[in-house]
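**Student:** sequence first, predicted model second:
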Amino acid sequence: MDQASKLRSAVIKKGSIGEVSIENHGNDNSERARVICVTSGKGGVGKTNLTLNLALAIKKRGFNPLIIDADLGLANIEVLVGAAPKYNFMDVIEGGMGIRDIVMDGPLGIKIISGGAGISETANLPVYKLNKLLSNLAVIEKDFDFIIIDTGAGISKSVISFAKAADEVIVITLPEPTAIADAYALIKTLRREAIDKIGVVINKVESKFEAEATFKKLETVSKRFLGVGISYIGHISADNNIIRAVKQQEPFYLKYESSAASRNVEQICGKLTGQGNTKSSEGFVKRLASFFVSSRR
């Protein structure tokens, strides 16, 4: 039994096709990108618009952001910027491309990676393919200051995997009863997975008062029934300039810089980048690998 245990340990360290390897993915102590996972309890609440315009605001502040479009169902990032990526994760997983080969240039020089069809299957990939993807992701997590992941809506395994691996999760919702209920259900699931660094953005509000009142409802039920505190990250005003920018396939933060929505994004960006430490020492890829190890036991 002792020999078998030693053999198994040696195989894992070599990143075998039989075990997800943690050791090979980000085991040194150098700083890596701070990872923000943007998600929602339901679709159509402005998740992708927040992701894109927040990345642009971060870029304007002198940081280097990467967006990972992990919303397989809609892939709205490419719609919002008016360009379709040539490659995605599947070209890394199945083909011979490296992760840097599939990075697309976006507005202001921000970088975008399309998850494509590979995202929905990430949690169920054969181990040797998963290790290949993780090894590639480990290559780029030191290239950027921020990695912003635009997940699908809801509570799929891929959404939870990215949320668990992120430094923080932003849940975006609307000031409507159904959207608030869906946001609470998502927060409940995140908490069940021991994810506690959760921030909230309220979208399409008529006033700051409405945003704060909506957040208070979520905060109250989260504390009462889940025993978890959530933080208020900010709000986005109901702004017709957002609709105009979407129709023109341009980010509203660039097209309508002085709009209320753009000012809101600036405030959210200031809150996130003003926290002092904009880097992560533990590593997104190492945490992601840990999730897959635990989920396969």
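**Tutor:** Nice, thanks for sending it over. Bear in mind the structure is a predicted one, so any value in this text is a computation, not a measurement.
**Student:** now for Tyr232, how many residues are close by?
**Tutor:** Counted with other Cβ atoms under 10 Å, the burial measure for Tyr232 works out to 17 neighbours. For every residue, glycine as well, the C-beta is placed using N, CA and C.
**Student:** leaving out the residues flanking it, which one is nearest to it?
**Tutor:** Phe215 (4.8 Å; Cβ to Cβ, 6 or more residues apart in numbering).
**Student:** what count of nearby residues applies to that neighbour?
**Tutor:** Count around Phe215 with other Cβ under 10 Å applied: 23.
**Student:** what kind of secondary structure is it in?
**Tutor:** The three-state label for Phe215, taken from DSSP: H, G, I helix; E, B strand; the rest coil, comes out as helix.
**Student:** and if you look at the one 3 residues further on?
**Tutor:** Using three-state DSSP as the criterion, the local structure at Leu218 reads helix.
**Student:** now do the contacts for it.
**Tutor:** Residues counted as contacts of Leu218 (Cβ atoms under 8 Å, 6 or more residues apart in numbering) are Thr173, Ile180, Ala183, Tyr184, Ile187, Val200, Ile230.
**Student:** for those, pick the one with the most neighbours.
**Tutor:** The most crowded member of the contacts of Leu218, judged by other Cβ under 10 Å, is Thr173 (28 neighbours).
**Student:** which residues sit in contact with the spatially closest residue to that one that is not a sequence neighbour?
**Tutor:** Here the nearest residue to Thr173 in space, its sequence neighbours aside, is Ala183; by Cβ to Cβ, 6+ apart that works out to 3.8 Å. Under the criterion of Cβ under 8 Å, 6+ apart, the neighbours of Ala183 are Ser40, Gly41, Val171, Thr173, Val200, Leu218.
**Student:** which one of those residues is nearest to Ile112?
**Tutor:** Looking at the contacts of Ala183 and their distance to Ile112, the nearest is Ser40, at 19.4 Å (Cβ to Cβ).
**Student:** pLDDT score for Arg287?
**Tutor:** Here the pLDDT value assigned to Arg287 is 84.
**Student:** give me the three-state assignment for it.
**Tutor:** helix.
**Student:** ok, Tyr256 touching Ser262?
**Tutor:** Yes. Under the criterion of Cβ atoms under 8 Å, Tyr256 is in contact with Ser262, at a separation of 6.0 Å.
**Student:** and the two? Which one has more around it.
**Tutor:** Summary of the neighbour comparison: Tyr256 and Ser262, criterion other Cβ under 10 Å, with Ser262 having more neighbours (25 against 18).
**Student:** hang on, the more buried one packs against Leu56?
**Tutor:** No. In this structure, Ser262 sits apart from Leu56 without contact. The criterion is Cβ under 8 Å, and the distance is 9.4 Å.
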